[in-house]
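Q: coordinates for the following, if possible.
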Amino acid sequence: MLRLYDPISKTAYEQEETRDPTSLQSQSRKAIVQNLTLRCIERVKDLPLPDTLKHRVTTLSMKDFLIDVERLRPVNHTRQCYPAYCCLNNEDVIIKIFPKYASVSLSDYNPSLIASFAEDDHLCCVFIPTQSLAEKIDKANETGCTLDHSIIWQTLSSIMNVFQSKNISPIARISSTSIQFHTSGHITVNCTHDESEQITTFEAKINMPVYEAPEVIGRQKPDTKAHSWNIGCLLYEMLALEPAFYDRSGTNPFSVFMDIMQGNMPSVPSSANNSLTDLVSHCLVSSPADRYSLQDITDAIILHNAKTL
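A: Got it, this is the predicted structure:
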């Protein structure tokens, strides 16, 4: 007996593990989806099939997905984002529930979004599971490995694209949990934009890693050099497999802010790549005037890419 969860009614229910043999139409639907994949399910309209079967194939519902109660955590309910199993192609996916009026586009902006369907008064979006940078770092720590330097440079380029291509507030920041790696090899980076939210981030969540520059913490009219500090923190984290600034003792979280304001910088592991180590040392500089600019970081990436050709 399976204990499953319905995110629409927000209730748990039980279902027999063995089912009656499915109909020929259901078997055909599964075979089509397995060949087309969920991402390309709309292409069934181009196939020489009866219209009724085309409609059935493309009409997704929560009945096509199983959400195991045992896999759920409190955060899943808070974010209305659930790990699920697709009965059509036997893949693990993520189901996120939105209000019916929400506008969600299947675009390159979020390459992990592969399908969506309406269910009652809700919009259900299907995502391919991704892995955050923080999760990659945790996995490396568990296995005693380091992050591949090519992955670090690729991630750095993706971060730079965000900071340079958008008009982002100097107090906005990117954390290792907001960088996602997709199975396609694509890297997406989400940045905290709201200033009021950003100000409370390091005041209300003092037990979390800190990515803000000294001038942001001190509210000293930061400019884009604050982004360079943020990049330095992320680079350090990828090299050392731990955040640059967090409460290592677990007893004095305020010491993290003191270290940042007083210029007490952590040491990068000696085994780290020299080019990346040098870049970290030029980004984690207390004085913005002496810190690398975004253009300096771009030049370092260009130089690295030229050497690897």
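Q: give the contact list for the residue lying closest to Tyr246 once chain neighbours are set aside.
A: Nearest non-adjacent residue to Tyr246, counting by CB to CB, 6 or more residues apart in numbering: Pro209, 4.4 Å away. Just so you know, the C-beta spots here come from the backbone N, C-alpha and C atoms, and that holds for glycine as well. Applying CB atoms under 8 Å, 6 or more residues apart in numbering, we find Pro209 in contact with 175-176, 233, 237, 243-246.
Q: after the longest strand along the chain comes which helix or strand?
A: With secondary structure taken from DSSP state E, the chain has its longest strand at strand 91-99. Remark: after strand 91-99, the chain's next helix or strand is strand 113-119, criterion DSSP states H and E.
Q: quick one: list the elements packing against that next one.
A: Applying 3 or more CB pairs under 8 Å, 6 or more residues apart in numbering; DSSP states H and E, one finds that strand 113-119 contacts strand 122-127.
Q: for the strand it packs on, the averaged confidence score.
A: Averaged over strand 122-127, pLDDT sits at 92.
Q: elements contacting it?
A: Secondary-structure packing of strand 122-127 (3+ CB pairs under 8 Å, 6+ apart): strand 91-99, strand 113-119.
Q: okay, angle between that strand and strand 113-119 too, please.
A: 160 degrees (axes from the mean of the first three to the mean of the last three CA atoms, to 10 degrees).
Q: separation between Leu24 and Val57?
A: 14 Å (CB to CB, to the nearest Å).
Q: what's near enough to touch the residue lying closest to Thr188 once chain neighbours are set aside?
A: Distances taken as CB to CB, 6+ apart put Gln180 closest to Thr188, at 4.8 Å, once the chain neighbours are dropped. Contacts here follow CB under 8 Å, 6+ apart; on that basis Gln180 touches 112, 130-133, 187-190.
Q: again, only this time at 7 Å
A: Residues in contact with Gln180 (CB atoms under 7 Å, 6 or more residues apart in numbering) are 130, 132, 188.
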